[in-house]
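Q: Output the structure for:
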Amino acid sequence: MQRYVFAHPTKLNAYIRIRQEGNKATTSYKEHDDKQAIDSVKEIEVTIDNVDAMRNMYIAFGLREKAIQETYRETWEIQWVVITIDRRPGLKPFIEIEWPDQTSVEKIINDIGLDIHNGLWGTVSDIYFQELWIPHEVINETAIITFDNPPLKYTK
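A: The predicted model follows:
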């Protein structure tokens, strides 16, 4: 899966993303707050049919493309809850569970035998910090994150 990430023109805690996922392409607005709760990320996603045109349009709008990223993702749906197994360069595989309400997510976590207390509520940059000690402001400005060019453990 290929991602193109653009800096939001005025908000440090938001970005715009284009994602090519097999036969499906989307563009999203994502904004997160600092409370690291299940509802701490706001997302608006739209299906698109032309990744290159969307990318060129964002650049024409004056948005700064700040990253190109790749991942592997497997997606499952259980009782209308979306469960993804993500592999990101430099990280151990992890599970992401999404649904609009906390009760459904907690029920699925329990149903599949996971412990909700072992979960991390936040963003992928939180996982990069937890596993590789890469500060959010560093990983969020890393221009290329691919399996051939993974981020390394932060040592500064």
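Q: the strands in the chain, which residues?
A: 2-7, 14-21, 24-32, 41-48, 65-70, 72-78, 81-87, 94-98, 144-145 (DSSP state E).
Q: For the spatially most central residue of the chain, list the residues it contacts.
A: When CA atoms, centre = their mean is applied to the chain, the residue found nearest the centroid is Val124 (5.5 Å). Val124 makes contact with Arg88, according to CB atoms under 8 Å, 6 or more residues apart in numbering. Backbone N, C-alpha and C define where each C-beta goes, glycine included.
Q: ok, now how distant is it from Tyr72?
A: 14 Å (CB to CB, to the nearest Å).
Q: overlap in contacts of those two?
A: With CB under 8 Å, 6+ apart, Val124 and Tyr72 have no common neighbours.
Q: Can I get the strands of the chain in TSV including mean neighbour count, mean pLDDT and distance to Lys156?
A: Shown next, in TSV, are these (neighbours: other CB atoms under 10 Å; pLDDT from 0 to 100; distance: least, CB to CB, whole Å):
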stretch	mean neighbour count	mean pLDDT	distance to Lys156
strand 2-7	18	96	23
strand 14-21	18	94	24
strand 24-32	16	93	24
strand 41-48	12	91	28
strand 65-70	17	96	20
strand 72-78	12	89	29
strand 81-87	16	90	26
strand 94-98	15	87	25
strand 144-145	17	96	18
